[in-house]
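S.K.: What follows is a predicted protein model with its sequence.
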Amino acid sequence: MKKIEVIFRPEKLEPLKEKLLAAGVQGVTIYQVHGCGNQHGWIAYHRGNEVMMNTLPKVYLLTVVPDDRVEDFLQLIKENVYTGTVGDGKIFISTVDECIRIRTNETGDAAL
């Protein structure tokens, strides 16, 4: 199993969520976050004063998928969050050693 963590633009959330659920992702966890990367924010003016806004709103999506579906889901994610400009986001992939569904005590892929 692989844990896929994606940080991307908020306006891409609904299209990505619909595609992931249609493709059979069993569940996702979504956070509204703020952060900065290569964009480094922007300069805003508040009451005539220059203010550096160095964090931008982003969405953090987390899901765990079986090893044999990882490439399919990565392609789907990349297709749906890509704009070609700075700030499209990042994808992090890590190995999950075990998963246990508390209600039924199922383990491994069956617990997803």
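M.R.: Here it is on my side, so go on. Remember, predicted model here, so these are calculated numbers, not experimental data. Numbering: from 1, shown residues only.

S.K.: Look up how far residue 2 lies from residue 60.
M.R.: Residue 60 is 17 Å from residue 2, where distance means CB to CB, to the nearest Å. All C-beta spots, glycine's among them, are computed from the backbone N, C-alpha and C.

S.K.: Show me what counts as buried in the lengthiest strand in the chain.
M.R.: If you go by DSSP state E, the chain has its longest strand at strand 56-65. Of the residues in strand 56-65, those scored as buried under the neighbour-count criterion (16 or more other CB atoms under 10 Å) are 56, 58-59, 61, 63-65.

S.K.: With distance to residue 78 added, can I get these in CSV?
M.R.: As requested, these are arranged in CSV below (distance: CB to CB, whole Å):
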residue, distance to residue 78
56, 20
58, 16
59, 15
61, 13
63, 14
64, 18
65, 14
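
S.K.: I'd like the residues you listed written out as JSON lines, with distance to residue 94 and pLDDT added.
M.R.: Output for the buried residues of strand 56-65, formatted as JSON lines (distance: CB to CB, whole Å; pLDDT from 0 to 100):
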{"residue": "56", "distance to residue 94": "24", "pLDDT": "84"}
{"residue": "58", "distance to residue 94": "19", "pLDDT": "94"}
{"residue": "59", "distance to residue 94": "19", "pLDDT": "97"}
{"residue": "61", "distance to residue 94": "14", "pLDDT": "97"}
{"residue": "63", "distance to residue 94": "12", "pLDDT": "95"}
{"residue": "64", "distance to residue 94": "10", "pLDDT": "94"}
{"residue": "65", "distance to residue 94": "12", "pLDDT": "93"}
